[in-house]
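In: Below is the sequence, then the predicted model.
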There are 2 protein chains.
Amino acid sequence: MGENLLGDAVENGKKSPRTPKHWELKERLAELLRAVSPGGSLPGERALASEFGVSRTTVRKALAELTAEGRLTRVHGSGTFAGEGKLTQRLQLSSYTEDMRSHGRRPTSSLLDARIGAADPELAALLGIRSGDDVLRLRRLRRADGEPMAIETSRLPLPRFPGLDRYVGDGSLYGVLYQHYGVELGHAEETIETALATPAEAALLGNEAGALMLLLSRHSFDTDGRPVEWVRSVYRGDRYKFVATLVSPQSSDDSIAARVER
Amino acid sequence: MGENLLGDAVENGKKSPRTPKHWELKERLAELLRAVSPGGSLPGERALASEFGVSRTTVRKALAELTAEGRLTRVHGSGTFAGEGKLTQRLQLSSYTEDMRSHGRRPTSSLLDARIGAADPELAALLGIRSGDDVLRLRRLRRADGEPMAIETSRLPLPRFPGLDRYVGDGSLYGVLYQHYGVELGHAEETIETALATPAEAALLGNEAGALMLLLSRHSFDTDGRPVEWVRSVYRGDRYKFVATLVSPQSSDDSIAARVER
DNA sequence: GGACTTGAGTGGTTTAGACCATTGCGATTA
DNA sequence: TAATCGCAATGGTCTAAACCACTCAAGTCC
């Protein structure tokens, strides 16, 4: 079995028995969980603690990991329930709306925030403007089938899109850019990393603070290669995964990726 | 300010002051952390607890989050230290080795495991073979500058690559596939999601069990569209992030060439 | 009937304390 | 000198207990 690999570090039968209780408990709870259909409920923390003969603290540590993995959902005054699966989001230039619909989900998006501020030097460089120029900052809450999924913060260079703030609503940003400014997206550079939910994000997402998140940053350019927007989005890690299709670079060995990156 | 959005849920001045101590503590520790250069050490848990007037449990909760975010590194009998930054890995068909080198890192890769087993129906479908056919399973530990970064588990259809198990070592798998079987990769489908490190993975990565991980699954095909391998890799979420370049779907293939010049 | 109150049960936070496992260094020893 | 031992400090695990915040349904009141 796979665990044998760990055994290598152990000299002949001396100090192997150091398996924390919450690991074992987590395994047993995961097993118990398999018998529960999505949305079904589990016993309370205190009941589990006495049933397995451990403290409530230990139970909570095991439950916390299962929750972080998306296998459990916990509701404060209510109980602990089996988790739902993960949705997938394709990494592509198409809009969130299009992509969700293609997965048979009903996407909605609400504007939380729209404000204008001055660009700091770093942001100015990203957006191709001068430091101190006006930047439009939009915050959106993305939902799928009514469930909050992600918080998206876009920043756009106002000098390039004068009056953009007046066109923006709950509708498609890319549609506005095309209709009013003739801008089409050409390519984008995305980075994906892990993060933990801040209290504010958790409150908006119906999540818990400290929950696992996928942090996606997108730097978009138009078909002429000029910067269009810079976006940071946090997605619920327990409900989301990303999909990308990669194509062979060999067709022209001097392909895209390696050289674009300075 | 942005946080005002949260205030909507609070009725007139009644129950706003519900900020857990470990949130506030985390902020203060993060601030304290800014004054420490990467690798520098922080006070011990007990010292922090008494200094901030909270219990050690609360300190540990705050430290745990900072650790999960990669801002701290903790070493058991030794101490707590400021974290290093994150490396980036490009999502592309090129090999791990190439990619790391292009970032100025010294990549190494060791074979942990090579075994042959029978494919279950699901795996058989992924690899384009019949259920029960032989599958070669390879487990590799990837390092950058000697530091363990990821565990990669590849599965390849032996009926398509007879004798492959004899060619495999610490070298390039894709090189072997090309030289002995004339196979070149055409495209791949990748998914990225969050996960937590299992005890076994943590032991190999020098990590802690329960640490944040990026789980990357890759389904690779050759230039003829036939399945070549199915890979699951876990990357340290505190040390890694992924980068992808997206191209516009509407302006077909030649858009790539256009973009390269940019 | 409808609105309100109440209380039991749930998960969330925090404490104080005990003990374990690992590390690293100083003192001791061969 | 070089190896070993011991010990103190560190982070890791676990407990028992208290209290808070939220939910929901049963009961109450109008």
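Out: Now that the structure is in, tell me what you want to look at.
In: where's residue A:119 relative to residue A:232, distance?
Out: Distance of residue A:119 to residue A:232, computed by Cβ to Cβ, to the nearest Å: 15 Å. C-beta here means a position set from N, CA and C on the backbone, and glycine is covered the same way.
In: One more: residue A:39?
Out: Applying Cβ to Cβ to residue A:39 and residue A:232 gives a distance of 32 Å.
In: Looking at these two, which has the bigger crowd around it?
Out: Taking other Cβ atoms under 10 Å in any protein chain shown, residue A:39 and residue A:232 do not tie; residue A:232 has more neighbours (16 against 10).
In: partners of the helix or strand that that one is a member of in the sheet?
Out: Here residue A:232 sits within strand A:227-236, counting by DSSP states H and E. Here strand A:227-236 has these sheet partners by DSSP bridges: strand A:147-157 (antiparallel), strand A:212-222 (antiparallel).
In: what does it contact?
Out: Residues outside strand A:227-236 that contact it (Cβ atoms under 8 Å, 6 or more residues apart in numbering or on different chains) are A:89, A:123, A:126-128, A:142, A:148-157, A:160, A:173, A:177, A:183, A:185, A:195, A:197, A:201, A:205, A:207, A:211, A:213-222.
In: Save the strands paired with strand A:227-236 as CSV, and put in mean pLDDT too.
Out: CSV is the format used below for those (pLDDT from 0 to 100):
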stretch, mean pLDDT
strand A:147-157, 92
strand A:212-222, 94
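In: So which residues on the stretch 51-200 of chain A come close to chain B?
Out: The stretch 51-200 of chain A comes close to chain B at residues A:65, A:68-69, A:86, A:88, A:91-94, A:112-113, A:139, A:184-196, A:199-200, as judged by Cβ under 8 Å from any Cβ of the partner chain.
In: Kindly recompute the last result at 7 Å.
Out: Where the stretch 51-200 of chain A comes near chain B, counting by Cβ under 7 Å from any Cβ of the partner chain, the residues are A:65, A:68-69, A:86, A:88, A:91-94, A:112-113, A:185-196, A:199-200.
In: I'd like to know which of these are part of helices.
Out: Assigned to helices by DSSP state H, the following of these qualify: A:65, A:68, A:199-200.
In: Among those residues, which one has the most neighbours?
Out: residue A:68 (22 neighbours).
In: Run through the residues that contact that one.
Out: Residue A:68 is in contact with A:211-212, B:196, counting by Cβ atoms under 7 Å, 6 or more residues apart in numbering or on different chains.
In: distance of it from DNA strand C?
Out: Distance, residue A:68 to DNA strand C, by Cβ to the nearest atom of the strand, to the nearest Å: 12 Å.
In: what pLDDT does that residue get?
Out: Among the per-residue scores, residue A:68 shows a pLDDT of 91.
In: where exactly do the strands run in chain A?
Out: Counting by DSSP state E, chain A has strands at residues A:41-42, A:72-75, A:79-82, A:87-90, A:107-118, A:134-144, A:147-157, A:185-196, A:212-222, A:227-236, A:240-247.
In: among those, which gets the worst mean confidence?
Out: Among the strands of chain A, strand A:87-90 has the lowest mean pLDDT, at a mean of 83.
In: hmm, who's touching it?
Out: A:99, A:103, A:105, A:144, A:239-243, B:191.
In: quick one: strands adjacent to it?
Out: Checking strand A:87-90 against DSSP bridges gives partners strand A:240-247 (parallel).
In: gap between the partner strand and the chain center?
Out: Offset of strand A:240-247 from its chain centre (Cα atoms, centre = their mean, to the nearest Å): 13 Å.
In: Is residue A:213 in contact with residue A:196, as I believe?
Out: Yes: contact criterion Cβ atoms under 7 Å: residue A:213 and residue A:196 qualify, at 6.4 Å.
In: Looking at the two, which is more packed in?
Out: residue A:213 (27 against 22).
In: what pairs with the more buried one across the strands?
Out: residue A:195, residue A:236.
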